[in-house]
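Structure for this input, please:
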Amino acid sequence: MTFCRRNEKLAQIGTNILESTWVEFPQLAHSQIALTWIVYYPPVIVNTGGAISPAEFWQHQVQGFSYRGGEGIYPASVVKLFYLVAIHEWLEGGMIPSSPELERAIKDMIVDSSNDATSFVVDMLSGTTSGPELPPGPFATWKYQRNIINRYYQSLGWEELAGINVNQKTWGDGPYGRERGFLGELMANRNLLTTDSVARLLHAIVGGVAVSSRRSQEMMHLLQRSLISPGEENQITGFLGESLPSNAQLWSKAGWTSQVRHDAAYIEIPEKPPYLLVVFTEGQNQNREILPYISRSFVAALDNLP
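Numbering: from 1, shown residues only. Sure, this is the predicted structure:
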């Protein structure tokens with residue numbers, strides 16, 4: 001990770017947590033988990049509402065550890081973080097107008113992880129719509145337009161974004177028509193992210209330098225989770241937030257399907273350094289104990305940091 005320097009002490013802690021996780025959950029293969037952990041030691045300044053400039057912010061190299069952090073994995077709803085930043089970039093640059101419906105969709109996409117809302121946001125980002133299959137010519141134009149989100153992220157020049165794919169909508173039952181054709185017969189064109197890429201994007205949001213300081217704060221507001229009364233359908237139970245102490249503050253975006261269970265979180269706990277944790281797991285969706293166990297382990301490890 002170019003923005004994050006490997007810290008050997010953090011690497012040892014992270015490796016020990018992974019080893020204990022495999023002992024606790026022997027059905028979790030070593031190839032079924034990826035993880036990126038960043039600890040915000042001073043003088044790195046985060047969650048200040050964009051008090052420092054992007055140029056100054058990126059001069060501060062953070063410290064952390066990653067395991068399989070560059071492995072491309074289907075991200076499920078974690079991809080909505082990328083659509084969140086992109087839609088704010090479009091709005092900031094005047095590429096699309098704001099509207100009550102768009103603002104409602106952005107909120108529902110992140111707060112409730114609504115796939116219907118995400119579909120609307122992706123349509124607004126790309127100028128495409130779902131529907132019946134298209135003839136080859138119009139379909140080629142449609143595909144080029146949908147890939148505008150990928151082109152935006154590649155234009156940032158971040159090493160961690162190389163090879164990612166963020167051009168697909170998220171579905172409940174699955175894609176049909178032109179969307180199914182775009183996915184590919186063997187789903188080769190499905191969304192793909194790494195825990196390192198997610199960590200860097202979330203790092204930018206928390207640092208107040210994603211699009212602008214004001215828009216980063218708007219994103220943070222949508223990502224903040226309540227640990228006191230999360231509700232029935234939430235992104236805390238069975239995820240990293242479940243095992244946090246009640247006085248912690250959590251900003252996160254979870255994702256899950258029949259095959260994967262992921263979470264990306266920025267966490268603040270009084271008297272401990274803030275940290276960012278992204279965990280992807282595959283093939284263990286029905287096991288809701290793995291992510292809380294990992295989170296609990298990292299919270300305990302904060303007392304042993306250098």
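
What helices and strands are in contact with the lengthiest helix in the chain?
What stands out as the longest helix in the chain, according to DSSP state H, is helix 8-24. Counting contacts by 3 or more CB pairs under 8 Å, 6 or more residues apart in numbering; DSSP states H and E, helix 8-24 packs against strand 33-39, strand 62-67, helix 290-301. Yep, even glycine has a C-beta here, placed from its N, CA and C like the rest.

most tightly surrounded among those?
Using mean count of other CB atoms under 10 Å, the stretch among the helices and strands packed on helix 8-24 with the largest mean neighbour count is strand 33-39, at a mean of 26.

Listing partners with orientation, what would you give for that one?
Each strand paired with strand 33-39, and its direction, by DSSP bridges: strand 62-67 (antiparallel), strand 275-282 (antiparallel).

now what about the longest one, what contacts it?
By CB atoms under 8 Å, 6 or more residues apart in numbering, the surrounding residues in contact with strand 275-282 are 28, 32-40, 64, 73-75, 78, 195, 198-199, 202-203, 206, 240, 259-267, 290-291, 294-295, 298, 302.

So for the helix or strand of the chain with the lowest mean pLDDT, what gets flagged as buried?
Taking all helices and strands of the chain together, the one with the lowest average confidence (mean pLDDT, DSSP states H and E) is helix 54-59, at a mean of 89. By neighbour count, and taking 16 or more other CB atoms under 10 Å as the criterion, the buried residues in helix 54-59 are F57.

Check stretch 202-222 too.
Taking 16+ other CB under 10 Å as the neighbour-count basis, stretch 202-222 is seen to contain the buried residues 202-211, 213, 215-220.

May I have the least confident helix or strand of the chain exported as CSV, CA atoms only?
Output for helix 54-59, consisting of C-alpha atoms alone and laid out as CSV, is shown next (Å, rounded to 0.1, in the frame of the first residue of the first chain):
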residue,chain,number,x,y,z
PRO,A,54,-5.4,17.1,0.8
ALA,A,55,-1.8,17.8,-0.1
GLU,A,56,-0.8,17.9,3.6
PHE,A,57,-3.0,14.9,4.5
TRP,A,58,-1.4,12.6,1.9
GLN,A,59,2.0,13.6,3.1
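
residues in contact with it?
Helix 54-59 is contacted by residues F3, I45, G207, G208, V209 when judged by CB under 8 Å, 6+ apart.

since we're on E179, how many residues are nearby?
19 (other CB atoms under 10 Å).

burial of the nearest residue to it once chain neighbours are set aside, as a residue count?
For E179, ignoring the flanking residues on the chain, the nearest one in space by CB to CB, 6 or more residues apart in numbering is S130 at 5.1 Å. Residues near S130, counting by other CB under 10 Å, number 16.

isn't S130 right up against D116?
No: contact status for S130 versus D116: not in contact, 11.1 Å apart, counting by CB atoms under 8 Å.

List phi and psi for M219.
Comment: the main-chain dihedrals of M219 come out as phi -70, psi -40, following degrees, to the nearest 10.

out of everything not next to it in sequence, what's closest to it?
I205 (5.1 Å).

elements contacting the helix or strand containing the one you found?
Take DSSP states H and E as the rule and I205 turns out to sit in helix 195-206. Packing contacts for helix 195-206, counted by 3+ CB pairs under 8 Å, 6+ apart, involve strand 4-6, strand 33-39, strand 62-67, helix 80-92, helix 213-223, strand 260-268, strand 275-282.

Could I get the ones you listed in JSON lines, plus columns for mean pLDDT and distance to K169?
Listed next are these as JSON lines, based on pLDDT from 0 to 100; distance: least, CB to CB, whole Å:
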{"stretch": "strand 4-6", "mean pLDDT": "93", "distance to K169": "30"}
{"stretch": "strand 33-39", "mean pLDDT": "98", "distance to K169": "23"}
{"stretch": "strand 62-67", "mean pLDDT": "96", "distance to K169": "28"}
{"stretch": "helix 80-92", "mean pLDDT": "98", "distance to K169": "9"}
{"stretch": "helix 213-223", "mean pLDDT": "97", "distance to K169": "19"}
{"stretch": "strand 260-268", "mean pLDDT": "97", "distance to K169": "17"}
{"stretch": "strand 275-282", "mean pLDDT": "98", "distance to K169": "20"}
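
what's the burial count for Y40?
Other residues within reach of Y40 by the criterion other CB under 10 Å amount to 22.

actually N16, sorry about that
The burial count assigned to N16 is 13, neighbours taken as other CB under 10 Å.

Could you check how far it is from P306?
The span separating N16 from P306 equals 15 Å under the rule CB to CB, to the nearest Å.

cool, G172 as well?
Taking CB to CB as the measure, G172 falls 45 Å from P306.

Check F298 too.
In this structure, F298 and P306 are 15 Å apart, going by CB to CB.

Cool, thanks, signing off.
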